[in-house]
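Chemist: Make a model of this:
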Amino acid sequence: MNGKRDLVPNIVLGLALVSVLVFAGLYFLLGATSIGGNIALGLAVVLLLVYVYLRPQEVLGGLGSRQTLYGGNTLLMTVFFVAILVLINFLSMKQFKRWDLTAEKQFSLSPETVEILKNLPSPVTALSFSTAASGGARSNTATLLDQYRAVDRKFQVETIDPEAQPTLARQYGITYDGALVLMAGDKTVTVNSPTESDITSALIKVTRSTRPIVYFTTGHGERDLEDGGDVGFAVAKGGLDRDGFDIKPLMLVTTNTVPADASLVIIAGPRSPFQPRETEVLRAYLARGGRLMAMVDASFGTKDNSLGDAGLGGLLSEGGISLRDDLVLDPVSSQMTDPGVTIAAKYGSSPITDKLGNTATVFPLVRSLALASPLPAGISLVSLVQTSDQAWGTSDFAALASAATSGRFPGPGPKDAKGALTIAASATNTQTKARLVVIGSSSFVMNALSRQPGNLDLFLNGVNWLAEQESQITIRPKPFEMRQLIPSRLMSVQVFGISVILMPLAVLVVGAIVWWRRR
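Modeler: Alright, predicted model coming up:
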C-alpha cells in the first residue's frame, strides 16, 4: 500500500511537469498563448497543488534543506532564463525585423511593393490555396507572403488546403495548386503562379477603385505594343498592366478629340510626322488639363533623315520644351564601342527620377532637348535626364553617316549644342494642371533594353507621374539572376592549399606541441 501511496504523488508531479512542457511547447510554436496552452498551464497548477496536498511534510521540510536551497537557486535561474526567452520572443513578434544578406537581395521586397503596402487604402486578405504536397504553410509563396504581412498588418494571409476544402476552391475557381486569391472588399484577383511582381500587380488591381486608361497614338509608325522582338514594346505594355493601367489605341486622324476617359496619351517613337489637325486635337487636350508623354527618336536613321520634330515641335514648345534635330554623342559616358549609345546617371529633382539614385539608363540614338528660358507663363520645367559635360549633339547627319562606316565619329561642329545636354524633361502648367513628359528617344524602353536597370523604371515612373499615381513611382521588382563564381587557377590553388594542406598540418603541429609538453 505504501508503495502505491508513494507512486501516486510521483505520477501527479510527472503529469504537472508534462503539462508545463506542453504549455511551453505550444507557446513557442504558435508565438502566443492558446486555448490548449492555457488549459495545460492550468492543469499544471492544479496538479502541483495536489502534489503539495499529498506530501505536505516533505514539501515544507525540504524548503529549508541545503539541497533545496541549491535547487531553488537553480530553479530561479532557470525561471529567469525562460522569462528572458519569452520576453525576447514577445518583442520579436511586436518589433519584426529581418536582414537580407544576399547579394541580389532576393529575400527583400522591392521599394515599389513596400510603398504600395504602406499606402493600402483598406485591408487585404490573401487566400493561399496550397496542399501539403506543394509545401503548404512552409512553401516559398508562404515565405514571400510573410514578407508582405511584415510590412503592413492590413495585409492578412490565410492558408487553405484545396483538397480539404474543395468547395471553397471551386468557389474561387482555383485550378492550380499554389494559386493565390487577393480580396479587398468585394473585389478579388487570382494569381496562379505567385511571384512578387505578380502579387504586387494583383494588389494594385484589387485595391484600386478604377483602372486608369493610357492611350497610345497610332498611324505614324509608332512602336508595336504586341511585338515581342528586340524593338517592340511588349515588355513596356506588360509593365503598364502590372501597374494597373488599361491600354487603348488612339487614331488621331479619325477623331476630333481625345476620349474623356484618357488618363494620359503616349506618343511612342513615330516614324512619320503628325499632321496639323492631329496636333490641334492634342493641343485642345492639354488645354483642358491633359497629360502627354512624347518619346521622339532622332531623325538620324529614319528615311532620308527627314523626321525632323515629327510635327510636334510647335505643340511641345508651348510647354517650354523644344526638340533639337540632332544626335547626341557622348564619348565620356557611352557604350564603349559606340558613342551614339548614351549611358546616363545624372538626374534632375523630380518624383520621376528621385528614386533612381545612381541607377544608369541607356539611350541609343537619342536627340537632345532645349528648355525655354525665360519660361512661358505658368510653366515649370525639370530637366529629368542629362548627359555628361563632354557630350554634344551633332546635326551633320551626312558626315555622321560617313564617319559611322569608318568607325570614327566626328567631333562637335560650331553650331552643335555642347555640354550637359538634356535628353528627357517634364513640364507642368500651373494654370491648366496639364503635365508633359518629353524624351528624346523611344529606343530606351524597347524590349531589348527593358532589363537594363533604370530604363523601364524611368518610363513607368513617368507614366505614373502623369497619371498622378505617385505611390507607384519607385523601383520595381527585378527578376532574380543566379550568380555564379568561377574560380581562377590561383583561387583553386589557394583553396586546395588551405583546406587540404595548411589546416590538417596545423592540427598535427598543435598535437605535436601538446604531446611534447606532456612527455
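Chemist: May I have the residues that are in contact with residue 366?
Modeler: Neighbouring residues of residue 366 by CB atoms under 8 Å, 6 or more residues apart in numbering: 297-298, 327-328, 342, 423, 440-441, 443-444. All C-beta spots, glycine's among them, are computed from the backbone N, C-alpha and C.
Chemist: List phi and psi for it.
Modeler: Backbone torsions for residue 366, taken as degrees, to the nearest 10, come to phi -100, psi 140.
Chemist: For it, which non-adjacent residue is closest in space?
Modeler: Computed as CB to CB, 6 or more residues apart in numbering, the closest residue to residue 366 that is not its neighbour in sequence is residue 441, at 3.9 Å.
Chemist: What's the separation between residue 235 and residue 200?
Modeler: 17 Å (CB to CB, to the nearest Å).
Chemist: Can you tell me the closest non-neighbouring residue to residue 391?
Modeler: In space, residue 391 is closest to residue 330, 3.8 Å off (CB to CB, 6+ apart).
Chemist: before we move on, what about residue 324?
Modeler: residue 368 (4.8 Å).
Chemist: from the middle of its chain, how far away would the host helix or strand of residue 249 be?
Modeler: Remark: residue 249 resides in strand 246-250, with elements defined by DSSP states H and E. On the basis of CA atoms, centre = their mean, to the nearest Å, strand 246-250 is displaced by 26 Å from the centre of the chain it belongs to.
Chemist: what do you get for stretch 396-404?
Modeler: 42 Å.
Chemist: list the buried ones in that stretch?
Modeler: 396-397, 400 (16 or more other CB atoms under 10 Å).
Chemist: So which residues of the stretch 151-300 of the chain form helices?
Modeler: Along the stretch 151-300 of the chain, the stretches classed as helices by DSSP state H, counting those that start in this stretch are 166-171, 196-207, 234-242, 276-287.
Chemist: Among the contacts of residue 366, name the buried ones.
Modeler: Neighbour-count burial (16+ other CB under 10 Å) is assigned, among the contacts of residue 366, to 297-298, 327-328, 342, 423, 440-441, 443-444.
Chemist: Nearest to residue 176 among those residues?
Modeler: residue 444 (36.0 Å; CB to CB).
Chemist: So the closest one lies in a strand, does it not?
Modeler: No. Residue 444 is assigned helix when assessed by DSSP: H, G, I helix; E, B strand; the rest coil, not a strand.
Chemist: Enumerate every residue touching the residue lying closest to it once chain neighbours are set aside.
Modeler: Nearest non-adjacent residue to residue 444, counting by CB to CB, 6+ apart: residue 363, 4.7 Å away. With contact set as CB under 8 Å, 6+ apart, residue 363 has these partners: 328, 341-344, 385, 423, 440-441, 443-444.
Chemist: Of the residues you listed, which belong to strands?
Modeler: 328, 341-344, 385, 423 (DSSP state E).
Chemist: Show the contacting residues for residue 182.
Modeler: With contacts defined as CB under 8 Å, 6+ apart, the neighbours of residue 182 are 124-127, 188-189, 191, 199, 202-203, 206.
Chemist: among these, which ones are buried?
Modeler: 124, 126-127, 188-189, 191, 199, 202-203, 206.
Chemist: Same list (these) but as TSV, adding distance to residue 283 and pLDDT.
Modeler: Listed next are the buried ones among the contacts of residue 182 as TSV, based on distance: CB to CB, whole Å; pLDDT from 0 to 100:
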residue	distance to residue 283	pLDDT
124	42	92
126	46	91
127	49	90
188	42	86
189	38	86
191	42	85
199	41	88
202	38	85
203	37	87
206	37	85
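Chemist: out of these, who's nearest residue 376?
Modeler: residue 203 (40.1 Å).
Chemist: Quick one, grab the pLDDT at the residue nearest to the spatial centre of the chain.
Modeler: For the chain, the residue nearest the mean C-alpha position is residue 110 (2.5 Å; CA atoms, centre = their mean). For residue 110, the pLDDT comes out at 80.
Chemist: neighbours around the residue nearest to residue 324, how many?
Modeler: Neighbour count of residue 368, defined by other CB atoms under 10 Å: 26.
Chemist: What of residue 510?
Modeler: 10.
Chemist: Could you do residue 133 as well?
Modeler: 10.
Chemist: you'd agree it is up against residue 161?
Modeler: No. Counting by CB atoms under 8 Å, residue 133 does not reach residue 161; the two are 9.9 Å apart.
Chemist: in stretch 8-16, what's buried?
Modeler: By neighbour count on 16+ other CB under 10 Å, the buried set for stretch 8-16 is 9, 12-13, 15-16.
Chemist: for stretch 172-187, same thing?
Modeler: Going by 16+ other CB under 10 Å, stretch 172-187 has these buried residues: 172, 174, 177-184.
Chemist: Using TSV, please lay out the residues you listed together with distance to residue 277.
Modeler: As requested, those are arranged in TSV below (distance: CB to CB, whole Å):
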residue	distance to residue 277
172	50
174	52
177	56
178	53
179	50
180	49
181	48
182	45
183	48
184	44
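Chemist: Quick check: mean pLDDT of stretch 238-252?
Modeler: 91.
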